[in-house]
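Asks: A predicted structure for the sequence below; I have some questions about it.
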Amino acid sequence: MAGYTDRELEQKSAGMRLDLLRYIKMAGAGHTGGDLSCIDILNVLYNDVLNVSPETIGSGDRDRYIQSKGHSVEALYVVLAERGFFPERELETLSRYKSHFVGHPTRKVRGVEFNTGALGHGLAISGGIALAGKKDKKSYRVFTLLGDGELAEGSNWEAAMFASHNKLDNLVAILDHNTLQLTDKYSSICNPSPIDEKFSAFGWSVVNVDGHSIPELRRVLNDVPRETGKPTFIIADTIKGKGVSFMENVLKWHHGVPDDAQYQAAVKELEERIGELSA
Amino acid sequence: MRLTDKLTTGRPNIEVYSETLMELAGRDRDIIVMTSDSRGSGKLVPFAEKFPDQLVEVGIAEQTLVGVSAGLASCGKKVFATSPGCFLTARALEQIKNDVAYSDFPVNLVGISAGVSYGALGSTHHSLHDIAALRAINNIVIVVPADNHETRMAVRAAAESNSPFYLRFGKRPMPHLYGEDEPFEIGRANVISGGNDFAVVACGEAVAPATGAAQLLYNEGINVRVISMHTIKPLDRETLIRAASECRGVITVEEHSVYGGLGEACAGVLMEEGISVPFRRVGIPDEYTVTGSQQEIFNHYGISPEGIAGLIRSLLKVSASGGRV
C-alpha cells in the first residue's frame, strides 16, 4: 500500500468528488447522491485497505470488493481510474452507445469483480467468495458495500445467516448509511432499524464509523476481523450528497444531474475544499 | 436401438447425477455441490458422507444458493447448485440472470424433481416454466437428459465447461435408450430411432414415451424418427431441419408448458427455414394443470406412447388426404 497520509487521502476524496460530478455532467446521468456518500469509503478501501492493484487483479490471493449497491457506480469508476485500473479518459464514454461504462458495474471494466446493480445480491456473492477463501486456506478478505434501502431485500438476511453460520470472518459488509432511498427516508418506507441489533442477532460483529472521516475509516476498515469466527458489519454513517452543500440530504439528488449553474457552484465549492486541504 | 427391442429400465437420472458427481469429486477437489435442504431429493446423501468438505448446505434459501455458487465459481470452484427446479429457477431467477449468466461464471444449476415429477404435490412444486425462463437469458446452456447415459455424459460435460449450465432431472427410473458407448455431445441431438414417415423431437422424460409411440407405429408399418433433443440451448438446428425435410411431419414432446419450451424453439427454427410440415407441440397446455401423479398427468396430456402415436396417425391421415392440418 502506498502509505498515504490522512490529508493526502482527503485530497484524493475531494478530487474524486470533482471527477465524478464531471463525468455525471458529461453523461447526463448518474446516481449522484449515493456516489458522494460512499466515495470516502471507496477511496480508503482502494488506497489504504484492499490488497489489490492493477497488477494483482488476476491473482487468486487478491482481496475482493463487491459493490452490492451497484447504482453508485460512478464512485467506483472514479476510484478505479484513479488507482490506475484503466485510463481515466475512458470515463468520458460513460453511458454512451457501446461503452463498457454503463450505469451499473460490469466485469467489462477492469477491476470490477461482478456484475451488480439489482439489489440484494452482493452479500451472497461475497459469502461465496469468502467461503472459497476458507476452503482454499487463502488469506484474502472480501468487502462488500450495501445501501441501507437495499436492506429491505430479503436475500440479504438469507446471506447474513449463511455468513455467520459458516463463520466467515474474512467477510466484511459495509453499510453506506445515509438514511435516504429513492422515494424518501428509509424510516418512512420500510424501516430496517435497529440495523446494528439485527446484524448482531444474526451473528455478525457490528461496528459504527463516521463514513466521511478518513482517519476513522482507515482505523475501522483495517481492523478486521473484529472477532474471530464472525463476519464484520460496518455501519458507516454518511450523508447523501456529501461535499456539495446544496445536494446534502436532498432527496432529488438520488439520481439528479446538475444543470450548468449548479455544476459550476458544485465545482467552486469542491475546488475551495481542495484549496483548503492544500493549504 | 432397434424398435423391436424391449427397453430395459435403468435408474432415476438423479441417482446417476449423484454417482457421476462422486466420480468427479474424487479426482477434483474444486467440485462443490450446493444444496438448499435438498440433498435427499438430489440423492446426494452418499456424496455428503463421502465428500463432506465438498458439499455446502445453505438451507431453504435459493437466492443465497445461487449467489454463493456464483461467488465460489468466481474463485475457480466447479459448482453444482442443486435444488428443486421449481424453486431454483423461479425464486432465484434474478441471481441466475445476474450473478451467473450476466457476470459469466460457470455455475451448473441443477433443477431436480423438475417438470411434474412431484405430481400430486401440485403446481407449487411443478416447474413448467423453467426452460422458457432460462431460454430467454443469454449465456446458459440448457440440457434435459433423457436417460442414464445422457445424464452421465451431460454432468461430465458441465463439469468441464466454462459456461453456465442448467441441467434438468426428474425422479423416476428411466429406460436405457442408448448403449454405454454411444456418442454424446452438448448441442448435438441424438437420433434414437431412424425413420422417414414422421419425426418426434422430445427431451428429458418425454423421450421414453416418444420411443414407445415409435414402437407401436413400427408394428403398423409407420417408421418414426425419434430425436432426443437433450440440449435445448443451443438447439441442434441441423438435425431438426434434416428431420423436418425428410419426414412428413414433426411433433415435439416435452414435460413443460407448450409456451416457451422445446416446441416453440423448434417451431421458430422451422419457420425461419421456410419448412412447412404438419407440426404440433405436445406438452402441458396453458391451464391449471390436472392433478395426479406424473404418469397420470403425462397420460392426461397425451405424453404417452398411445397419445403420441394417435396424434401421429391423425396427422399422417390428414397429410395423406392432402387436407390442411
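Replies: Arrived safely.
Asks: residue boundaries of the strands in the chain?
Replies: This is for chain A. Read by DSSP state E, chain A holds these strands, from start to end of the chain: A:64-67, A:142-147, A:171-177, A:205-210, A:232-237.
Asks: not what I meant, chain B
Replies: Listed in chain order (using DSSP E), the strands of chain B are B:9-12, B:31-35, B:55-57, B:78-84, B:108-112, B:141-143, B:165-168, B:173-175, B:190-193, B:198-202, B:224-228, B:231-233, B:250-257, B:279-284.
Asks: how about the contacts made by residue A:173?
Replies: For residue A:173, the set of contacting residues under the criterion of C-beta atoms under 8 Å, 6 or more residues apart in numbering or on different chains consists of A:123, A:126, A:143, A:144, A:145, A:146, A:204, A:231, A:232, A:233, A:234. (Glycine included, C-beta is placed from N, CA and C.)
Asks: ok, and which of these reach chain B?
Replies: A:123, A:126 (C-beta under 8 Å from any C-beta of the partner chain).
Asks: with respect to residue A:274, which of the contacts of residue A:173 is nearest?
Replies: Top of the list for closeness to residue A:274, among the contacts of residue A:173 and by C-beta to C-beta, is residue A:145 at 24.8 Å.
Asks: returning to that earlier point: so which two of the contacts of residue A:173 are the farthest from each other?
Replies: Within the contacts of residue A:173, A:145 and A:204 form the most distant pair, 15.4 Å apart (C-beta to C-beta).
Asks: the two - which one has more neighbours?
Replies: Shown here are residue A:145 and residue A:204; by other C-beta atoms under 10 Å in any protein chain shown, residue A:145 has more neighbours (28 against 25).
Asks: hmm, the more buried one is touching residue A:71, no?
Replies: No: in terms of C-beta atoms under 8 Å, residue A:145 does not count as a neighbour of residue A:71; the distance is 11.1 Å.
Asks: okay, now whatever residue of the stretch 1-150 of chain A ends up closest to chain B: neighbour count?
Replies: Nearest to chain B, among the residues of the stretch 1-150 of chain A, is residue A:128, at 2.1 Å (C-beta to the nearest C-beta). The tally of other residues near residue A:128 (other C-beta under 10 Å) stands at 36.
Asks: just residue B:221 next, same as before
Replies: The criterion is other C-beta under 10 Å. On that basis, residue B:221 has 7 neighbouring residues.
Asks: how much space separates residue B:148 from residue B:184?
Replies: Remark: distance between residue B:148 and residue B:184 (C-beta to C-beta, to the nearest Å) = 12 Å.
Asks: these two: who's more crowded?
Replies: Just comparing residue B:148 and residue B:184: by other C-beta under 10 Å the higher neighbour count belongs to residue B:148, 25 against 20.
Asks: and the pLDDT at that one?
Replies: The pLDDT attached to residue B:148 in the predicted structure is 96.
Asks: pretty sure it sits against residue B:11.
Replies: Yes: Residue B:148 is in contact with residue B:11 according to C-beta under 8 Å; the separation is 6.0 Å.
Asks: so what's in contact with the two at the same time?
Replies: Overlap of the contact sets of residue B:148 and residue B:11 (by C-beta under 8 Å, 6+ apart) consists of residue B:174.
Asks: what does the domain assignment say about chain B?
Replies: Residue ranges for the domains of chain B, per automatic domain parsing: B:11-175, B:190-320.
Asks: adding distance to chain A, write the ones you listed out as CSV.
Replies: Output for the domains of chain B, formatted as CSV (distance: least, C-beta to the nearest C-beta, whole Å):
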stretch, distance to chain A
domain B:11-175, 2
domain B:190-320, 20
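Asks: which stretches in the chain count as helices?
Replies: No chain was given, so I picked chain A. With DSSP state H as the criterion, chain A has helices at A:6-27, A:32-44, A:73-82, A:122-135, A:155-165, A:195-201, A:214-222, A:260-278.
Asks: wrong chain, I was asking about chain B
Replies: Using DSSP H, the helices of chain B run over residues B:13-27, B:45-50, B:62-74, B:85-91, B:93-95, B:130-135, B:148-160, B:207-218, B:237-246, B:262-272, B:294-300, B:305-320.
Asks: now the ones you listed as a markdown table including distance to residue A:65?
Replies: Conversion of these to a markdown table gives the following (distance: least, C-beta to C-beta, whole Å):
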| stretch | distance to residue A:65 |
| --- | --- |
| helix B:13-27 | 31 |
| helix B:45-50 | 33 |
| helix B:62-74 | 13 |
| helix B:85-91 | 27 |
| helix B:93-95 | 19 |
| helix B:130-135 | 29 |
| helix B:148-160 | 29 |
| helix B:207-218 | 47 |
| helix B:237-246 | 42 |
| helix B:262-272 | 39 |
| helix B:294-300 | 47 |
| helix B:305-320 | 55 |
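Asks: out of the ones you listed, deepest packed?
Replies: Mean neighbour count (mean count of other C-beta atoms under 10 Å in any protein chain shown) peaks for helix B:62-74 among the helices of chain B, with a mean of 30.
Asks: kindly indicate which of the contacts of residue A:173 lies nearest residue A:247.
Replies: residue A:145 (19.7 Å).
Asks: run through the bridge partners of that closest one.
Replies: Residues in a beta bridge with residue A:145, per DSSP bridges, are residue A:67, residue A:174.
Asks: need the residues of chain A near chain B, please.
Replies: Contact residues (C-beta under 8 Å from any C-beta) of chain A with chain B: A:60, A:106-107, A:113-118, A:120-121, A:123-133, A:135-136, A:154-155, A:158-159, A:161-162.
Asks: what would the helices of chain A look like in a markdown table with mean pLDDT?
Replies: Listed next are the helices of chain A as a markdown table, based on pLDDT from 0 to 100:
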| stretch | mean pLDDT |
| --- | --- |
| helix A:6-27 | 97 |
| helix A:32-44 | 98 |
| helix A:73-82 | 98 |
| helix A:122-135 | 98 |
| helix A:155-165 | 98 |
| helix A:195-201 | 98 |
| helix A:214-222 | 98 |
| helix A:260-278 | 97 |
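Asks: okay if I get the ones you listed as CSV plus distance to residue B:6?
Replies: CSV is the format used below for these (distance: least, C-beta to C-beta, whole Å):
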stretch, distance to residue B:6
helix A:6-27, 68
helix A:32-44, 66
helix A:73-82, 61
helix A:122-135, 47
helix A:155-165, 49
helix A:195-201, 61
helix A:214-222, 69
helix A:260-278, 80
